[in-house]
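Chemist: Just to be clear, the model below is a prediction. Sequence and coordinates:
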Amino acid sequence: MDDTTRLLETVGQMAGGIAHDFNDLLAAILGHVEMLSGDLAPGDPRAADVNGIRHAAERATTLTQQLLAISRQQVLQPTVLNLSDVVDRARRLVQRVIGDQIELITCTPRDLRPVKADADQVEQILLNLALNARDAMPRGGRLTLQTRNVDIEDAAAQRQGNPPGAYVQLTVADTGIGIDPAIRKHLFEPFFTTKEPGRGTGLGLATVYGIVKQSGGHIAVESERGRGSRFDVYLPVTLEAPAVAEPPERRSRAERASETVLLVEDDVAVRSLIGDVLRRRGYRLLVAEDGVQALKLADEHASPIHLLITDVAGSAGPDASVADAVRARRPETRVLYLHKPFTPDALARKVRAALASHIW
């Protein structure tokens, strides 16, 4: 285990639990802000205050997501994807981030082998590395985003400390000032930054490292003072076929839901928020504080339970998750793992999508 990995695991043990607790609080804050905002009439002077609360909570959410990323405790949603497609979709956003004085070049071949990763997190990798490159080119320069297929042989893998195999390489290269060798060994350490106080959290590259490692990949850096820097992200090729998207369920906005949802949530504020959001949309709710209550409700409820909403960390016993235990009793029940924080509209969409899915 290298020093960076060891440090990330140490920080992760502290930061992960803190971030999960803050996500519960932020879920309640953001959810109630959205509901309050929806109740305000156009032109209401209180809207500015509500937007201020929302902006502060969103900034706090970004920080908690970074903490979860560096500790590799994010809830990823990996799918089979083509990294060239991800780069092409992110190009416009990357250009906005780096500004007009930096030339953006992309090289994204179509014959790329598939990888299994969270597309949103790959975009986060691109944005964080692009921000790092922008800061290294204060007078302008060139940023290159490139993807290609690579095969790492045994000898090369041993030198890099990574397993051999087939990978897709995502390269982010700049023509900036380069990185001093003394700094390079600290690049991925949480909270390490060379910026002035107040200008950076030191979490950007640590976040990249955490996402890459949690995705089963690795990252390498080449840099020379005055000659720019190059970050190479390697994600393993997958043999899985891309999932076939189910057609979206058509439902009128005026049509109210009628399904029964079993909610398992230990945080009272989040539990109350989810209950308010779903009841307003017509769902019938069974509410449990923990796995034990959830199983009791599942056993006693006479009618179908269409959906279970639970935190990934929920447990009904030492060896069974809430989802596994409920599904053992009710195989027809779909499951939605709650990823916090969320907005009421996003929650409603996820619930609808889960109920419309044909995958149990």
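Modeler: Sure, I can see it. Numbers count the residues shown, from 1 in each chain.

Chemist: where exactly do the helices run in the stretch 51-200 of the chain?
Modeler: Using DSSP state H, counting those that start in this stretch, the helices of the stretch 51-200 of the chain run over 83-98, 119-136, 154-160, 181-184.

Chemist: nearest to Asp44, of these?
Modeler: Proximity to Asp44, assessed across the helices of the stretch 51-200 of the chain by Cβ to Cβ, is greatest for helix 83-98 (31.0 Å). (Glycine included, C-beta is placed from N, CA and C.)

Chemist: ok now the closest one, how far from the chain's centre?
Modeler: 17 Å (Cα atoms, centre = their mean, to the nearest Å).

Chemist: gap between Val94 and Gly216?
Modeler: Using Cβ to Cβ, to the nearest Å, we find Val94 at a distance of 24 Å from Gly216.

Chemist: Those two: which is more packed in?
Modeler: More crowded of Val94 and Gly216, by other Cβ atoms under 10 Å: Val94, with 23 against 15.

Chemist: Number of residues surrounding Gly99?
Modeler: 11.

Chemist: Name the stretch among the helices of the stretch 51-200 of the chain that sits most buried.
Modeler: The highest mean neighbour count among the helices of the stretch 51-200 of the chain, using mean count of other Cβ atoms under 10 Å, belongs to helix 119-136: a mean of 21.

Chemist: tell me the mean pLDDT for stretch 234-244?
Modeler: For stretch 234-244, mean pLDDT is 87.

Chemist: For that stretch, list every residue counted as buried.
Modeler: With burial defined by 16 or more other Cβ atoms under 10 Å, the residues of stretch 234-244 counted as buried are Tyr234, Leu235, Pro236, Val237, Thr238.

Chemist: what sits against the closest residue to the last one other than its chain neighbours?
Modeler: So the one you mean is Thr238. Spatial nearest neighbour of Thr238, excluding adjacent residues (Cβ to Cβ, 6 or more residues apart in numbering): Lys116 at 4.2 Å. Going by Cβ atoms under 8 Å, 6 or more residues apart in numbering, Lys116 touches Pro78, Thr79, Val80, Leu81, Thr238, Glu240.

Chemist: ok, now Ala130?
Modeler: Val94, Val97, Ile98, Leu143, Val172.

Chemist: mind running it again at 6 Å?
Modeler: Contact partners of Ala130, counting by Cβ atoms under 6 Å, 6 or more residues apart in numbering, are Val94, Val97, Ile98.

Chemist: Where do the strands of the stretch 251-360 of the chain begin and end?
Modeler: 260-264, 284-288, 307-311, 334-338 (DSSP state E, counting those that start in this stretch).

Chemist: Could you export these to JSON lines, including columns for mean pLDDT?
Modeler: Below are these laid out as JSON lines (pLDDT from 0 to 100):
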{"stretch": "strand 260-264", "mean pLDDT": "96"}
{"stretch": "strand 284-288", "mean pLDDT": "96"}
{"stretch": "strand 307-311", "mean pLDDT": "92"}
{"stretch": "strand 334-338", "mean pLDDT": "91"}
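
Chemist: domains of this protein?
Modeler: If you go by automatic domain parsing, the domain ranges for the chain are 3-70, 79-236, 260-356.

Chemist: pLDDT of the first one, averaged?
Modeler: Looking at domain 3-70 alone, the average pLDDT works out to 78.

Chemist: Measure how far it is from the centre of its chain, please.
Modeler: 13 Å.

Chemist: who wins for proximity to Ile152 among the strands of the stretch 251-360 of the chain?
Modeler: Across those, closest to Ile152 is strand 334-338 (Cβ to Cβ), at 33.2 Å.

Chemist: Now tell me what touches stretch 83-102 from outside.
Modeler: 104, 106, 108, 112, 119, 122-123, 126, 130, 134, 137, 140-141, 143, 145, 147, 168, 170.

Chemist: burial of Asp39, as a residue count?
Modeler: Asp39 has 8 nearby residues by other Cβ under 10 Å.

Chemist: That one and Asn162, how far apart?
Modeler: Distance of Asp39 to Asn162, given as Cβ to Cβ: 53 Å.

Chemist: With respect to His55, which of the strands of the stretch 251-360 of the chain lies nearest?
Modeler: Judging the strands of the stretch 251-360 of the chain by Cβ to Cβ, what sits closest to His55 is strand 334-338, at 23.5 Å.

Chemist: Quick check: neighbours of that closest one in the sheet, parallel or antiparallel?
Modeler: Using DSSP bridges, strand 334-338 pairs in its sheet with strand 307-311 (parallel).

Chemist: what about this structure, any weak spots by pLDDT?
Modeler: Low-confidence segments of the chain (pLDDT under 70): 1-17, 66-67, 69-75, 155-161, 195-202, 243-255, 312-320, 358-360.

Chemist: Tell me which residue of it is furthest from the middle?
Modeler: In terms of distance from the mean C-alpha position of the chain, Ala302 ranks first, at 37.1 Å (Cα atoms, centre = their mean).
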